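Student: model this:
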Amino acid sequence: MAKKFRTDEIPVGKFTEDWGGNKNNTIPAAPDETNLLPYSGEAVQKFIKSYLQDHENNKIGHIPPMTKDPDGFYHIRAFANKNTYNEWLADPDENQALKLLDVTIPISDEQGVMNIVELTTASNQTNYVSIDGSVVLKMRFTSQTYNPVTGKYANTYEDGTMTIQRRSSASDSWRTIGTMAIKSVEADSDTYTDVDISGLLNSGTCQLRIIVTGDQTQSTTTYVVFQSVTKTELKLTFRNEWQQPITGAAMSLLYTYTGAVAKTLNLKISGEGGVRSVQYAVGKVEYTETPNQFDVTDTEGDSVKVMSHGVHEIEAWLSVDGTDVESEHIVSQVMVVSDPDNKTPYIMLNKIVESLVNWTSVQFFQWAIYNPGSDVLPVTFKLTDIQEVENYLSYTEQQAQNGVVYTFGNMIEIESKETNFSAYMLFSTGGIKPLVDKTPLRKYAKYMIIR
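Tutor: Below is the predicted model of the structure:
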């Protein structure tokens, strides 16, 4: 038997539907029904009642007297009836949906005075990277009043409560991780407050947003958002047994390093013909126990030969990709033996301290020798003025041995009227006289002595 009407409901909001049936109506869901069939009386009644009820619920039936809120401004609010108003009044935060209208009147009862608060930052909001484990943001909170009658602004000097929120990524929810006080500064100043939130963050990368509410005015700033904040420790350590000469075809350099960020190892290696720069992308991986090995070789196309016979100096540091953030630069020395017949002795220095404090006991550097002509070699150290005339201290190691790391330390006691002055460290063999400048054993290390 053919159906006399369709069995589905009238689609919500479809006022263009012909309830008596029409080829332009919505296609029914039932396979044995067509849009030419009329809607049932039950469907028509439900459609009409739902819209009448919605109109009844949302029509404005009660407007209470204008009230002043904690923000200092008056509000006009409208409700469906007095009952819904009383329900909202009992718990405004929980019953926000009961308000049909909420208009803020831009005047206060203080002769039109308005509160203006602002939060800004001088820190990198796009990609903030900390490599020393600390996160210190430069924030600036200002609080003013504005009188539209006089057109004048005035600083309130109120304190504010700063709320810090974090999330792992844009798909996560914000979570409050801490609050702290911040003082307002004058609006026309360039003063920023250092806000240390290191203790609130774990190592890694996250997003932050910060907002401040004035303690007196209760006015709230807009959020300052940091799209990426990385807290890590970027450290590099030279791990070669540098007291042993390199005899192979490659200069194998061993480093351990930390820093859970995309980073690059940068090397500057002295050699025959100048200095060669080399970069290695090492990513976010950390090597903390077993060092990572980097082999540097010479090719015919290299203008600087780093495998030439003699002592080579390596300057190394880590840089964070996409930023100008770098780790501390470390300088190391290694001995490359590419000419076994060359019997010239060499001295290698590592962990050189360039700034020393006068009238203290200091460690200058570590050192080792390469002496293919003998098992031992006497080496004399002299600290002189930069003219090499006045001798500040002298020490001779009579039997320096190959492959042994020595530490040179001494007490510095230099009479000088200068606050800061420079000195040279000279090396010679046998304590007789410095060798000619071309001899690798003669080495100058420049220090700044601080009285």
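
Student: Quick check: phi and psi on the residue nearest to residue 82 when sequence neighbours are not counted?
Tutor: Once flanking residues are discounted, residue 82 sits nearest to residue 62: 4.8 Å by C-beta to C-beta, 6 or more residues apart in numbering. The C-beta positions use only the backbone N, C-alpha and C, and glycine is treated the same way. Main-chain torsions, residue 62, degrees, to the nearest 10: phi -150, psi 130.

Student: so who does residue 62 touch?
Tutor: Contact analysis of residue 62 by C-beta atoms under 8 Å, 6 or more residues apart in numbering lists 78, 79, 80, 81, 82, 84, 85.

Student: Among those residues, name the buried ones.
Tutor: 78, 79, 80, 84, 85 (16 or more other C-beta atoms under 10 Å).

Student: Can you name the residues that contact the last one?
Tutor: With contact set as C-beta under 8 Å, 6+ apart, residue 85 has these partners: 62, 64, 77, 79, 98.

Student: Apart from its chain neighbours, what residue comes closest to it?
Tutor: residue 79 (4.2 Å).

Student: repeat for the first one
Tutor: In space, residue 78 comes closest to residue 101 once its chain neighbours are excluded; the distance is 3.7 Å by C-beta to C-beta, 6+ apart.

Student: That neighbour and residue 135, how far apart?
Tutor: Using C-beta to C-beta, to the nearest Å, residue 101 is found at 44 Å from residue 135.

Student: same check, this time on residue 401
Tutor: From residue 401 to residue 135 the distance is 48 Å (C-beta to C-beta).

Student: ok, back up a step: hmm, residue 75 and the residue nearest to residue 78 touching each other?
Tutor: No: Residue 101 lies out of contact with residue 75 (C-beta atoms under 8 Å); the separation is 9.8 Å.

Student: neighbour count winner among the two?
Tutor: Neighbours were counted for residue 101 and for residue 75 using other C-beta atoms under 10 Å; residue 75 has more, 16 against 11.

Student: can I assume that one sits in a strand?
Tutor: Yes: under DSSP: H, G, I helix; E, B strand; the rest coil, residue 75 falls within a strand.

Student: Quick check: bridge partners of it?
Tutor: Residues in a beta bridge with residue 75, per DSSP bridges, are residue 67, residue 104.

Student: wouldn't it be in contact with residue 69 here?
Tutor: Yes: here residue 75 reaches residue 69: they are 5.6 Å apart, a contact under C-beta under 8 Å.

Student: does residue 147 have beta-bridge partners, and which?
Tutor: If you apply DSSP bridges, the partners that residue 147 bridges to are residue 152.

Student: same check, this time on residue 229
Tutor: Under the criterion used (DSSP bridges), residue 229 bridges to residue 128, residue 206.

Student: Against residue 126, how distant is it?
Tutor: Distance from residue 229 to residue 126, by C-beta to C-beta: 10 Å.

Student: For those two, indicate the residue with more neighbours.
Tutor: Ranked by neighbour count (other C-beta under 10 Å), residue 229 and residue 126 place residue 229 first, with 22 against 9.

Student: OK, contacts around that one?
Tutor: By C-beta under 8 Å, 6+ apart, the neighbours of residue 229 are 128, 130, 135, 201, 205, 206, 207, 208.

Student: go with 6 Å
Tutor: For residue 229, the contacting residues are 128, 206, 208, by C-beta atoms under 6 Å, 6 or more residues apart in numbering.
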